[in-house]
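J.: Here you go, sequence then predicted model.
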Amino acid sequence: MLTANQRIFVAGHRGLVGSAIVRQLQANGFGNLVLRTRDELNLEDQAAVSEFLRNERPDWIVMAAAKVGGIGANSTYPAEFIGVNLVIESNLIWGAHLADVPNFAFLGSSCIYPRETPQPIPETALLTGPPEPTNAPYAVAKIAGLVLCDAIQKQYGRNYFTVMPPNVYGPGDNYDLENSHVLPALIRKFHTARKQGNSDVTAWGTGSPRREFLYSDDVADAIVFLMKQETVPSMVNVGTGTSISIRELSELVQRVVGHEGQIVWDTSKPDGFPEKTNDVSRLRALGWSPGRTLEQGVKLAYDAFQREHPEL
């Protein structure tokens, strides 16, 4: 259980979720944070990570560091998505155990679940079928980290657990069209098209897949909430428990951005999962629910995009 003055190492603190976790911890009065940039600590360097953990001896590690990306990036760099993430997870999770770090919160992903599974997806669906082919290497890496945390919890009694959020968006997101996720990609596309006189926007696939989205600060709020609990299940879905089609999402983003052109669907591009909606009954039973609607979150994300990227 998280208590005052504990030392908390947030791995990946400059990223989308990591920066939100730092904001949330500080807002809750937990200021004894250990933060390192990649230049200061390369998480792919096992010796450096081991030395860091021995010297710093954190009470908590929150692992938000990972190589992430959308369908395009997963298809282009499958080896990096499994290789880099496996190395980072091994260095941090197993390294934390060897360094006697008692508490570890690992950021998983809803993409770990099989393509063919009941909706909304319960935690028990894990490993009941093969992962979605368009992101299988990343999913397998995340599953490995989850299983390692679970095994350490079972064998050694440490408070190591995994949270599985849906698609996350918010301040500090990646808007590179080559490797971004769907929502930030749509924000950039509609923003650019509006500035170009409301030119048409091309969106991937058919628009029929359904996805669940959660604002980054709500993800962070859920993680800090779980860190405060006396006991936590080894894996917990985080989210709203509701989904929206990519077509509906595109129209929502278009409305928020103020774009007045047409949306053209490129059906030669893959759709990915038919649907991904988390069953969040386990988290709801503990007493947590998100604080923002999707439209509120998209408005906040678009405001942040304009502040962060005035050149675009």
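T.: Yep, that arrived. Numbers count the residues shown, from 1 in each chain.
J.: Now for Glu260, how many residues are close by?
T.: 11 (other Cβ atoms under 10 Å). No exception for glycine: its C-beta is placed from N, CA and C like everyone else's.
J.: cool, the one 10 residues further on as well?
T.: The local packing of Pro270 (other Cβ under 10 Å) involves 15 other residues.
J.: Quick check: it vs Gln26, distance?
T.: From Pro270 over to Gln26 the distance is 40 Å, taken as Cβ to Cβ, to the nearest Å.
J.: just so I have it, where are all the helices in the stretch 201-312 of the chain?
T.: Listed in chain order, the helices of the stretch 201-312 of the chain (DSSP state H, counting those that start in this stretch) span 216-227, 246-257, 281-286, 294-308.
J.: ranking those helices by burial, who's on top?
T.: Among the helices of the stretch 201-312 of the chain, helix 216-227 has the highest mean neighbour count (mean count of other Cβ atoms under 10 Å), at a mean of 24.
J.: what angle do it and helix 294-308 make?
T.: 110 degrees (axes from the mean of the first three to the mean of the last three Cα atoms, to 10 degrees).
J.: Just the CA atoms of helix 216-227, as PDB, please.
T.: The C-alpha trace of helix 216-227 is given here as PDB (Å, rounded to 0.1, in the frame of the first residue of the first chain):
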ATOM      1  CA  SER A 216      -4.200   9.800 -19.600                       C
ATOM      2  CA  ASP A 217      -4.900  11.600 -16.300                       C
ATOM      3  CA  ASP A 218      -7.800   9.200 -15.600                       C
ATOM      4  CA  VAL A 219      -5.400   6.200 -16.200                       C
ATOM      5  CA  ALA A 220      -3.000   7.800 -13.800                       C
ATOM      6  CA  ASP A 221      -5.800   8.400 -11.200                       C
ATOM      7  CA  ALA A 222      -6.700   4.700 -11.400                       C
ATOM      8  CA  ILE A 223      -3.100   3.600 -11.000                       C
ATOM      9  CA  VAL A 224      -2.600   5.800  -7.900                       C
ATOM     10  CA  PHE A 225      -5.900   4.600  -6.600                       C
ATOM     11  CA  LEU A 226      -4.800   1.000  -6.900                       C
ATOM     12  CA  MET A 227      -1.400   1.800  -5.300                       C
END
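J.: Nothing else from me, thank you.
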